[in-house]
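Can you look at this prediction? I've put the sequence above it.
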Amino acid sequence: MTAIVHSRETVTLVGAGLTTENSIRRCLALAPRLFAADGGARHCLDASLKPEAVLGDLDSFSNTSDLPADAIHRISEQDTTDFDKALRSIDAPLILGAGFTGLRVDHYLACLNGLVRRPDRRCILLGDTDIAFLLPPHFEMSLTAGTRVSLFPLGLVEGTSDGLKWPISGLSLSPDGQIGTSNQAEGDIEISVTAPKLLMILPEQELENATRALLACSATWPALGK
């Protein structure tokens, strides 16, 4: 799996789902390099923003003449989504994704699947009410007591926690069994997990906080080779 884009900075990736100019610019304030997954390029251009690169099969973005030819990267295979194509093609410390939620449930679920398929690509997805990201092997974050913390497994995973109202230590989490929605922080949290299978979902107000926490986290997952 060879990346097309290499960045030492956190990057913003825009998809074709529901998003707003404010959301895109909010991501850009944290991640100044702008890229688009296929039809997400239209959101960028509508906001008078030009992505450095557009990645995907380009079935949703036909006006490629609006951008320089070397900014267009067609990935024609149909076995993966445009989000997956973009995620595996961007090598960066962290990706902030806007425009990957809403419109269609199947598309959003596919994006969550992409987070688990590409655990070596750190990414936070920003929606209108929540953010979602894959937990690294060990994660620490400062939160205000009472903040909603949902943990959703996309595979069998175990872990330990400190600072959650309902600890996950001793639990086996799985999508068809025990899950962890609507937990609460009691303050600073610390979570360790056994596999790259557990999503953390927080209120969207925590985007900046989560960005700082993930960038400060040294524990990483290897690529799965999918």
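Now that the structure is in, tell me what you want to look at. Numbers count the residues shown, from 1 in each chain.

quick one, domains of this structure?
Structural domains assigned to the chain are 7-128, 138-193, following automatic domain parsing.

For the nearest residue to residue 151 once chain neighbours are set aside, what are phi and psi?
Distances taken as C-beta to C-beta, 6 or more residues apart in numbering put residue 180 closest to residue 151, at 3.4 Å, once the chain neighbours are dropped. (Glycine included, C-beta is placed from N, CA and C.) Main-chain dihedrals, residue 180, degrees, to the nearest 10: phi -140, psi 50.

ok, how many other residues are close to residue 180?
For residue 180, the neighbour count with other C-beta atoms under 10 Å is 21.

Could you pick out the longest helix of this structure?
helix 105-117 (DSSP state H).

how about the residue located most distally from the centre of the chain, secondary structure?
The centre of the chain is farthest from one residue, residue 65, which by C-alpha atoms, centre = their mean lies 28.6 Å away. Of the three states, residue 65 takes helix according to DSSP: H, G, I helix; E, B strand; the rest coil.

do you know how far it is from residue 99?
Counting by C-beta to C-beta, to the nearest Å, the gap from residue 65 to residue 99 is 22 Å.

low-confidence ranges in the chain?
Low-confidence segments of the chain (pLDDT under 70): 1, 62-64, 225-226.

pull the CA atoms of stretch 96-116 into PDB?
Presented in PDB, the C-alpha positions along stretch 96-116 are these (Å, rounded to 0.1, in the frame of the first residue of the first chain):
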ATOM      1  CA  LEU A  96      -9.700  15.300  10.000                       C
ATOM      2  CA  GLY A  97     -12.600  14.200   7.900                       C
ATOM      3  CA  ALA A  98     -15.600  16.300   7.100                       C
ATOM      4  CA  GLY A  99     -18.400  15.300   4.800                       C
ATOM      5  CA  PHE A 100     -18.400  11.600   5.600                       C
ATOM      6  CA  THR A 101     -21.600  11.400   7.700                       C
ATOM      7  CA  GLY A 102     -25.300  12.000   6.900                       C
ATOM      8  CA  LEU A 103     -27.200  11.500   3.700                       C
ATOM      9  CA  ARG A 104     -26.800   7.700   3.700                       C
ATOM     10  CA  VAL A 105     -26.400   5.300   6.700                       C
ATOM     11  CA  ASP A 106     -24.600   2.700   4.500                       C
ATOM     12  CA  HIS A 107     -22.000   5.300   3.500                       C
ATOM     13  CA  TYR A 108     -21.300   6.300   7.100                       C
ATOM     14  CA  LEU A 109     -21.100   2.700   8.200                       C
ATOM     15  CA  ALA A 110     -18.600   2.100   5.400                       C
ATOM     16  CA  CYS A 111     -16.500   5.000   6.700                       C
ATOM     17  CA  LEU A 112     -16.500   3.600  10.200                       C
ATOM     18  CA  ASN A 113     -15.400   0.300   8.700                       C
ATOM     19  CA  GLY A 114     -12.600   2.200   6.900                       C
ATOM     20  CA  LEU A 115     -11.300   3.400  10.200                       C
ATOM     21  CA  VAL A 116     -10.900  -0.200  11.400                       C
END
